[in-house]
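Peer 1: my questions concern the predicted model and sequence given below.
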Amino acid sequence: MNQSFIPGDSAINRLIQELNKLPGIGPKSAQRLAFYLLRASEEQAKLLAEAILSLKKKVSLCSVCFNVTESDLCSICRSDKRERSQLCIVEQPQDILALEHTGVYHGMYHVLHGAISPTEGVGTDDIRIKELLNRLRDGIVKEVILATNTNLEGEQTALYLSRLISPLGIKVTRLARGLPFGTELEYADDVTLTRAIEGRQEF
Ligand SMILES: [Zn+2]
């Protein structure tokens, strides 16, 4: 579609530009969504706008594990039904959703918010490693499960963490079996993830 008939500073163009910044939304999809919203009812557009605003207003990070939450502690950290001796390390909050969906893991989590990537300038101080080490100090955690992605960054991060954590006398395991190299956890299916958790191996 030729966009030149739409003035650059028009409301529709502003929306197209904003939508185009979202992951997985190219210029064509952005146009399709913008014109869809133009035709949609005022009510529908309002609900979408309000949902985005309330997301930014209400959702923050858990002060212990850095999962998303609408209070100080996330529901997992608040729960008294979780196994506190197991700590599963993930890159992103959406990885927790994937693992929880399998229903086989009942321990705690720690979200790094990224992975070490020298090529993208992400160093060890840029993700929540310091906070992780602080959590391990009280001796409650007996096993750390490294559930970073199985791509290069995830593997580098797992290796780095295992070298830090193993000397503390804590068992370090890594999700393994069934997860092919290059897998992002959030896109892995339940069966594969369940096998990966149950078949985790000492790192
Ligand atoms: Zn939490």
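Peer 2: Nice, thanks for sending it over. Residues are numbered from 1 along each chain as shown.
Peer 1: can you map out the helices along the protein?
Peer 2: Assigned helices in the chain, in chain order: 11-20, 27-39, 42-58, 75-78, 93-102, 129-136, 152-165, 190-198 (criterion: DSSP state H).
Peer 1: wait, which of these is closest to residue 182?
Peer 2: helix 152-165 (8.7 Å; Cβ to Cβ). C-betas here are computed from N, CA, C, even on glycine.
Peer 1: got the CA coordinates for stretch 96-104 in CSV?
Peer 2: Included here for stretch 96-104 are C-alpha records, laid out as CSV according to Å, rounded to 0.1, in the frame of the first residue of the first chain:
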residue,chain,number,x,y,z
ILE,A,96,8.0,-18.5,33.9
LEU,A,97,4.6,-18.7,32.2
ALA,A,98,5.9,-21.4,29.9
LEU,A,99,7.4,-23.5,32.8
GLU,A,100,4.3,-23.0,35.0
HIS,A,101,2.1,-24.2,32.2
THR,A,102,3.8,-27.6,32.4
GLY,A,103,2.8,-27.9,36.1
VAL,A,104,5.8,-30.1,36.9
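Peer 1: residues of it that come out buried?
Peer 2: Of the residues in stretch 96-104, those with enough neighbours to count as buried (16 or more other Cβ atoms under 10 Å) are 96, 98, 99, 102.
Peer 1: can you pull the contacts of the first one?
Peer 2: The neighbourhood of residue 96, defined by Cβ atoms under 8 Å, 6 or more residues apart in numbering, consists of 67, 76, 90, 109, 111.
Peer 1: if we go to 6 Å?
Peer 2: If a contact means Cβ atoms under 6 Å, 6 or more residues apart in numbering, then residue 96 has 67, 109 as its contacts.
Peer 1: ditto for the third one
Peer 2: Residue 99 is in contact with residue 105, counting by Cβ under 6 Å, 6+ apart.
Peer 1: what pLDDT does the spatially most central residue of the chain get?
Peer 2: Within the chain, the residue whose C-alpha comes closest to the C-alpha centroid is residue 92; the distance, by Cα atoms, centre = their mean, is 1.8 Å. In the predicted model, residue 92 carries a pLDDT score of 97.
Peer 1: what is the neighbour count of residue 147?
Peer 2: Residue 147 has 28 neighbouring residues, counting by other Cβ atoms under 10 Å.
Peer 1: same check, this time on residue 156
Peer 2: 15.
Peer 1: show me what contacts it?
Peer 2: Listed by Cβ under 6 Å, 6+ apart, the contact set of residue 156 reads residue 116.
Peer 1: for it, give its distance to residue 165.
Peer 2: Distance of residue 156 to residue 165, given as Cβ to Cβ, to the nearest Å: 15 Å.
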